[in-house]
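how does the following fold in three dimensions:
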Amino acid sequence: MVIIKLLKVLVLCIVLTFFFSIGAKANYTSEQFQQSYFEIGYTGIHKALKESSKHFNRNIELPVQLPPIAFTHTFARGDNIEEKPNTKLEIEYINKDMPQNHYMIFVQPTNFGLKIKENFIDQRIKENDGVKAIYSTKIVRGFNLFVFEKNGFQYVLSVDKRISNKVTPEVLLEIAHSIPE
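Purely as a prediction, here's the structure:
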């Protein structure tokens, strides 16, 4: 059920990416681009992070490092924070003029995290510092996922497949390591 919910969110993001790539070619302004995200519940990262931390009754630490690609906008939202205990924080980095530059972070308590079937796992990564991660190119069409747990949360780093040569599993692991303890 959680996987289906995440897949729905990721499919929505993919649809939005393609929609905005068409809009960007039609002189879609930054203001129009931003407004379209605000209309579907996104806000700034700091506000969503504060609301989600309050909801989970503990601080959520975000990666300090970003992928080595250009972004023009960042958006975030807490998914149904008032209604359900198993909500998540969604953060989206996107370039309105280069829709392939699309990176997302999903954060939720580990007890509500994704359970990934073995046949969807491309690579398992285990680091000396205790980081255990799963890399998958098969769960969501068009996106690669890097899934790991830290500080009592499950983090899902999602990157558009079209930039997988720049944002490799090694880069995603560096990003995971940049989350403060």
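
in the chain, which spans are helices?
For the chain, applying DSSP state H gives helices covering 2-25, 30-39, 45-56, 169-177.

avg pLDDT for stretch 161-181?
Computed over stretch 161-181, the mean pLDDT rounds to 94.

contacts for that stretch, please.
Identification of contacts with stretch 161-181 by Cβ atoms under 8 Å, 6 or more residues apart in numbering yields 61-69, 100-103, 123, 125, 127, 129, 131, 133, 135, 137, 142-144, 146, 148, 150-151, 155, 157, 159. C-betas here are computed from N, CA, C, even on glycine.

can you do 7 Å?
Contacts of stretch 161-181 from elsewhere in the structure, counted by Cβ atoms under 7 Å, 6 or more residues apart in numbering, are 61-65, 67-69, 100-101, 123, 125, 131, 133, 135, 142-144, 146, 148, 150-151, 155, 157, 159.

please point out which parts of it sit buried.
Going by neighbour count (16 or more other Cβ atoms under 10 Å), the buried part of stretch 161-181 is 162, 163, 164, 167, 168, 169, 171, 172, 173, 175, 176, 179.

any chance of the residues you listed in TSV, with distance to residue 52 too?
TSV is the format used below for these (distance: Cβ to Cβ, whole Å):
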residue	distance to residue 52
162	29
163	27
164	28
167	24
168	28
169	26
171	25
172	22
173	24
175	19
176	19
179	15
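
settle this for me: residue 72 is touching residue 96, isn't it.
Yes - Residue 72 lies in contact with residue 96 (Cβ atoms under 7 Å); the separation is 5.0 Å.

can you find the helix or strand of the chain with the lowest average pLDDT?
helix 2-25 (a mean of 46; mean pLDDT, DSSP states H and E).

tell me where the model's unsure across the chain.
1-28, 80-86, 129-130 (pLDDT under 70).
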